[in-house]
Structure formats: structure tokens, C-alpha cells
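**Student:** Fold the following and give me the result.
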Amino acid sequence: MDCLRQYLRIEISESRVNISCPECSERFNPHDIRMILGDRALMGKYEEFMLRRWLVADPDCRWCPAPDCGFAVIAFGCASCPKITCGREGCGTEFCYHCKQLWHPNQTCDAARQQRAQSLRLRTVRSSSLSYSQESGAAGELLFSLYPVLTHC
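**Tutor:** Numbers count the residues shown, from 1 in each chain. A predicted model of the protein is given here:
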């Protein structure tokens, strides 16, 4: 029993949810895993992994893009009205059903994606030119003048 318990601990710690018996290859039932483990915290992890696997497989599931949120929203019938609001208490982030990024009103997903890419390139240029200007004075200012500056960043 100790060997089986250790086997289940390893499988769960490696985020496996379809755990089979090492002897006969029969899949364990979650109830059997709970009985063998006798570890409430580890069983909680196992159930969380199972839920995440189920949510990932759901085509209507969308994950909140806010940093450190991780809340899943099941969005039914959002293709025509794609604005989703995260339901996690204290979050409320609005994002797009189609591209799964922050909500971009009056803008197509492609236009928003291009704007994000341009903003990212600009931030990269700014950070590299800042270090360049620190080393060589006005040369960084020259680099800034070569690239358009977005005023909404």
C-alpha cells in the first residue's frame, strides 16, 4: 500500500490525471485515488489538474489574460458579441473571445495584434536605446528619432 501511495504521489506531482495501475494498467477512479492517498492537499491538486484538463479541452473556455489571474470563463454564444468579463472577484478584466487578449473596442483582432506587436517593438527599442544612450550620450536620442513614438503606450 505504501508503494502504491508513493506511486500516486509521484504521478499527481507530475500533473498526471489519467493514472493507471502499475500492475494491470486499469485506470484508477478518482474515488479510489482519494481512498489510497489519504492526503487532502494532494487530492486537491489532483482535482485541480483534472478540472484544468477538462477546461482546456472545452472549445468555449477562455482564460483571463490578466497577470496572476488564471480564472477560466466558459463563454457560450460569444462569437457575435465577443467582449468577455472575468468573473473572478476583484479582477473584472475585459477581454476578447476571439483572440483571447485584452478587450480592444472598435478594433479588429488583427489590428489589435499589430498594435500590440508595434508597442512591444517600441518598448524593446526604447529599453535598448536607453542603455545605449547611457553609454554613449546623444546616440540614444538619435535612435529614438528614427522610430515613431506611440502616445498611448
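
**Student:** and residue 69, how many neighbours?
**Tutor:** Using other C-beta atoms under 10 Å, residue 69 is surrounded by 15 other residues. Bear in mind the C-beta positions are built from the backbone N, C-alpha and C, glycine included.

**Student:** for residue 86, same thing?
**Tutor:** A total of 20 residues lie near residue 86 under the criterion other C-beta under 10 Å.

**Student:** go on, the one 4 residues further on?
**Tutor:** If you count neighbours by other C-beta under 10 Å, residue 90 ends up with 6.

**Student:** check which helix or strand covers it.
**Tutor:** Following DSSP states H and E, there is no helix or strand that holds residue 90.

**Student:** And residue 62, by the same measure?
**Tutor:** With DSSP H and E as criterion, residue 62 is part of strand 61-63.

**Student:** who does that strand touch, helix- and strand-wise?
**Tutor:** strand 72-74 (3 or more C-beta pairs under 8 Å, 6 or more residues apart in numbering; DSSP states H and E).

**Student:** The strand it packs on pairs with which strands, parallel or anti?
**Tutor:** Its sheet considered, strand 72-74 pairs with strand 61-63 (antiparallel) by DSSP bridges.

**Student:** Just the buried positions in the partner strand, please.
**Tutor:** Buried residues in strand 61-63, counted by 16 or more other C-beta atoms under 10 Å: 62-63.
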